[in-house]
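K.L.:
sequence first, then the predicted structure, then my questions.
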Amino acid sequence: MTERLYYADPYCTHFRARLVEAQPTGDRLAVVLDRSAFYPTGGGQPHDTGTLAGHPVLEVVERADGAIVHMLPAGSVLPEGELEGVVDWPR
């Protein structure tokens, strides 16, 4: 399960996290991190947008197992180790 940083700090817009999983899914790359400040779609609220390692976050969803999945454009290359996440706060 992904640690949800927005519960501890609802104003968190920058964070660092470790890559847990990255799987191509059609025209997107599904990315799971150990922690995230991106709020997923749910309860009538749209998902957050922003960037992960400089790549645009196109969609954010929650899997049945509690993991938050960040959808990036297909072909996005992610660095090893920690990634930087930036939530688009003005949206």
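P.N.:
Received, thanks.
K.L.:
which residue is nearest the middle of the chain?
P.N.:
Taking Cα atoms, centre = their mean, the centroid of the chain lies closest to residue 70, which sits 3.7 Å from it.
K.L.:
who touches the helix or strand containing that one?
P.N.:
In this structure, residue 70 sits in strand 68-73 according to DSSP states H and E. Outside of strand 68-73, the residues that reach it under the criterion Cβ atoms under 8 Å, 6 or more residues apart in numbering are 2, 4, 25, 27-33, 36, 38, 40, 52, 55-63. Bear in mind the C-beta positions are built from the backbone N, C-alpha and C, glycine included.
K.L.:
please pick the buried ones from those residues.
P.N.:
For the contacts of strand 68-73, a neighbour count by 16 or more other Cβ atoms under 10 Å gives the buried set as 2, 4, 28-33, 36, 38, 40, 52, 55, 57, 59-60, 62.
K.L.:
just want the angle from the lengthiest strand in the chain to strand 68-73.
P.N.:
Looking across the chain with DSSP state E, the single longest strand is strand 14-25. On the basis of axes from the mean of the first three to the mean of the last three Cα atoms, to 10 degrees, strand 14-25 is oriented at 70 degrees to strand 68-73.
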